[in-house]
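S.K.: Everything below, folded, please.
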Amino acid sequence: MNNREEILIAIKTIMVEMFELDEEAITPEARLYEDLDFDSIDAIDMIVRLKELTGKTVKPEDFKMARTIGDVIEAVYSMLNES
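M.R.: Coordinates of the predicted model:
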C-alpha cells in the first residue's frame, strides 16, 4: 500500500468483509457514522485490521478525528510514510 488508491482498495476490502457494506458506498466522501452506520466498536475493529495489514503500530488517536473514508485514507497514508 504505497499510494492512496491502494489504501482505498484495502479499506474497501476490510469494510466489505468485516462489516458487509456495499463496496459502491465506500468512497472517499462517505461519512463513517452517517453514511456507513459505523460505530466506535467498528472503528476499533478496523484499526486492528489496518495494523495487521500495514505491520505498523496504529494509534487510535490518529483516527479519532476521522469522519470520512478520505480521512481514514489520509491517516493510513501518513502512518505508512512516517520516517
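
S.K.: can you pull the contacts of the residue nearest the centre of the chain?
M.R.: Centroid check for the chain by Cα atoms, centre = their mean gives V72 as the closest residue, at 4.5 Å. Going by Cβ atoms under 8 Å, 6 or more residues apart in numbering, V72 touches I11, L32, M46, F63, A66. Just so you know, the C-beta spots here come from the backbone N, C-alpha and C atoms, and that holds for glycine as well.

S.K.: In helices, which of those appear?
M.R.: Here DSSP state H is the test, and the contacts of V72 give I11, M46, F63 as lying in helices.

S.K.: With neighbour count added, can I get these in TSV?
M.R.: TSV is the format used below for the ones in helices among the contacts of V72 (neighbours: other Cβ atoms under 10 Å):
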residue	neighbour count
I11	21
M46	21
F63	19
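
S.K.: Could you dump the residues you listed into CSV with distance to M79 added?
M.R.: Shown next, in CSV, are the ones in helices among the contacts of V72 (distance: Cβ to Cβ, whole Å):
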residue, distance to M79
I11, 13
M46, 13
F63, 9
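
S.K.: ok, back up a step: which helix or which strand is home to the residue nearest to the centre of the chain?
M.R.: According to DSSP states H and E, V72 maps onto helix 69-80.

S.K.: For the helix-or-strand element of the chain with minimal mean pLDDT, which residues meet the burial criterion?
M.R.: Within the chain, confidence by mean pLDDT, DSSP states H and E is lowest for helix 60-63 among all helices and strands, at a mean of 78. For helix 60-63, the neighbour count (16 or more other Cβ atoms under 10 Å) marks D62, F63 as buried.

S.K.: next one: stretch 21-28
M.R.: L21, I26.

S.K.: which outside residues touch it?
M.R.: L8, I11, K12, M15, V16, D35, L36, T68, I69, G70, I73.
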